[in-house]
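# Fold the following and give me the result.
(2 chains)
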Amino acid sequence: MKYSALSLFRHALAANRLWGEAWRKPEPKREYDAIIVGGGGHGLATAYYLAKEHGLRNIAVLEKGWIGGGNTGRNTTIVRSNYLWTEAALLYEKSMQLWEGLSQDLNYNVMFSQRGVYNLGHTLQDMRDIERRVNANRLNGIDAEVVDAKQLRRSIPYLNTSPDARYPILGASLQRRAGVARHDAVAWGFARAADKLGVDIIEQCEVTAINRENGRVTGVETTRGTIKAKKIGVVVAGHASVLAEMAGIRLPVESHPLQAYVSEPLRRVLDTVIMSNAVHGYISQSDKGELVIGAGIDAYNGYGQRGSFATIEHAMEAILELFPVFSRVRMLRMWGGIVDVCPDACPIISKMPVEGLYFNCGWGTGGFKATPGSGWAFAHTIARDEPHELNAAFSLERFTTGALIDEHGAAAVAH
Amino acid sequence: MLLIKCPWCGERAETEFSYGGEGGISRPKDPDSLSDAEWADYLFMRKNPKGAHRELWNHAQGCRRWFGAERDTVSYRITATYKLSVHDEDLARE
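Here you go, the predicted model:
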């Protein structure tokens, strides 16, 4: 059923009792043309674009938990494309362009709100880096501008722009097309749209082994039986190393807890997204009024979906440095996700040394913004058995050749 | 918050320590003889296990010494910490 204002109206008349399921709950078939392991945003987007752009219809998405229960539902929903290096900038910009038409394309409101993202500069060197990044962005056709403290004071009244601050704010980069989206809706929208194109979305189905014969994948063992496929795409943020080990592959990623926080709902105080590299925190306000806050990862490796208290304290300190006015706001909830971080803070979207096996991982702390673009590029890689030019540089081989894409610190926020 | 037992100073709060990543990785004796793939393996590839992990910690705000630890990466429980000389002996035995 197509969602529309008319369908909303008609269902309202029926007291909303007749809404059908958004996607089927099929039993797994014995064989598929392609299997996507991981039913988060990236995996569902991959299946959707495989079906839509490449005509593959016999696809399954295998999810060990439930749709969007991993990092897709655990992030701080920021979407931007102001990365420094051309390879990264073009990939994230592709994603940005898909975001801009995503609600229409999926027939599902992902509540993409282009409210702008400010990346603050606190030192002269910060401002030089910002100017360099803004210029690099503009050369790549990405909107970006430098704003000074005066303009910040005007646009964001509660931001502490006092020159007496411990880390005085001198200015910022601003990407006006950047913003936030409703993270759950992204997973649900892609799931529903992929399902409509015939993709089987199989929840509560954990992959326990990757079957291989003569250097080729033949399928997977799961908690719901053996499923055969000649092509397997693995998109399991946080658990990439675990899946890679099943295929005898070593990856350059380490999994860390990344925590996020929301406050009690407040009246509108913040109509944009603020990120600061120097004090290391980022904040926006959700449509419900909660302040949505994120900061750095916990330093140690961890699969526990929770982190240490010191990290929480640090995030709060960072936000209060920027917004002393929030000092009496009560925090409502906190949680952790597992991010797999690459040494160069850029993802791997790549063929693997095993034929028919593809990995999309290592997005670190910034995967959500890339959801549509990541799926789009990964679908291309799986369907054609070769990367698209947008993700060719994001190969596993770059760690052997040395052609890293060093976005650590360069990408507008420290990782 | 983790309570970490420095082999020299005893139990201290996690905030006194900095994390050193996977332990037991030795720098190759003769880097020039390695292939690019072997060098990449040493430099970048990590076990990143879900479960028992042998790793390095530094008591940065205390005695500033490095030591080894065995920690579960799911429960975060630290099962052992040890001075690196002992750890190196273990490595030699393996």
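
# So A:G65 sits against A:E203, correct?
Yes - in this structure, A:G65 is within contact of A:E203 by Cβ atoms under 8 Å, at 7.1 Å. Every residue, glycine included, has its C-beta placed from N, CA and C.

# so A:P347 makes contact with A:T371?
No - contact criterion Cβ under 8 Å: A:P347 and A:T371 do not qualify, at 11.8 Å.

# which residues of chain B fall in helices?
B:36-43, B:84-93 (DSSP state H).

# What residues does residue 56 make contact with?
By default, I'm working from chain A. Neighbouring residues of A:L56 by Cβ atoms under 8 Å, 6 or more residues apart in numbering or on different chains: A:D33, A:A34, A:L50, A:A383.

# Let me rephrase: I mean chain B.
B:Y19, B:G20, B:G21, B:E22, B:G23, B:W66, B:F67, B:G68, B:A69.

# does chain B sit close to the helix or strand A:A209 falls within?
Assigned by DSSP states H and E, A:A209 belongs to strand A:207-213. No - Strand A:207-213 stays clear of chain B (Cβ under 8 Å from any Cβ of the partner chain), getting no nearer than 12.9 Å.

# residues near A:R328, how many?
In terms of burial, A:R328 registers 5 neighbours under the definition other Cβ atoms under 10 Å in any protein chain shown.

# Confirm that A:E245 lies within a strand, as I assumed.
No - going by DSSP: H, G, I helix; E, B strand; the rest coil, the assignment for A:E245 is helix, not a strand.

# quick one: pLDDT of the residue nearest the centre of chain A?
Against the mean C-alpha coordinate of chain A, by Cα atoms, centre = their mean, the closest residue is A:F368 at 1.3 Å. Here, the pLDDT recorded for A:F368 equals 97.

# isn't it right up against A:G73?
No - A:F368 lies out of contact with A:G73 (Cβ under 8 Å); the separation is 9.9 Å.

# which residues do these two both contact?
By Cβ under 8 Å, 6+ apart, the residues touching both A:F368 and A:G73 are A:H183.

# hang on, the earlier thing: which stretch in the helices of chain B is the model least sure about?
Across the helices of chain B, the lowest-scoring stretch is helix B:84-93, with a mean of 58.

# Find the residue closest to residue 80 in space, skipping its chain neighbours.
Here I'm looking at chain A. Nearest non-adjacent residue to A:R80, counting by Cβ to Cβ, 6 or more residues apart in numbering or on different chains: A:A178, 3.6 Å away.

# my bad, chain B
Leaving aside its sequence neighbours, B:A80 sits nearest to B:E70 (Cβ to Cβ, 6+ apart; 4.5 Å).

# Centre of the chain to stretch A:347-365, how far?
Offset of stretch A:347-365 from its chain centre (Cα atoms, centre = their mean, to the nearest Å): 15 Å.

# Where does pLDDT dip in chain B?
In the predicted model, chain B carries pLDDT under 70 at residues B:86-94.

# What parts of it come near chain A?
So far as Cβ under 8 Å from any Cβ goes, chain B lies against chain A at B:1-2, B:14-15, B:18-19, B:21-22, B:36-37, B:39-41, B:43-50, B:53, B:55, B:71, B:73-76.

# change it to 6 Å
B:1, B:14-15, B:19, B:36-37, B:40, B:44-46, B:48, B:50, B:53, B:73-74, B:76 (Cβ under 6 Å from any Cβ of the partner chain).

# What separation do you get for the nearest residue to A:T86 once chain neighbours are set aside and A:L98?
Counting by Cβ to Cβ, 6+ apart, A:N140 is the residue found nearest to A:T86 once chain neighbours are left out, at 5.9 Å. According to Cβ to Cβ, to the nearest Å, A:N140 and A:L98 sit 17 Å apart.
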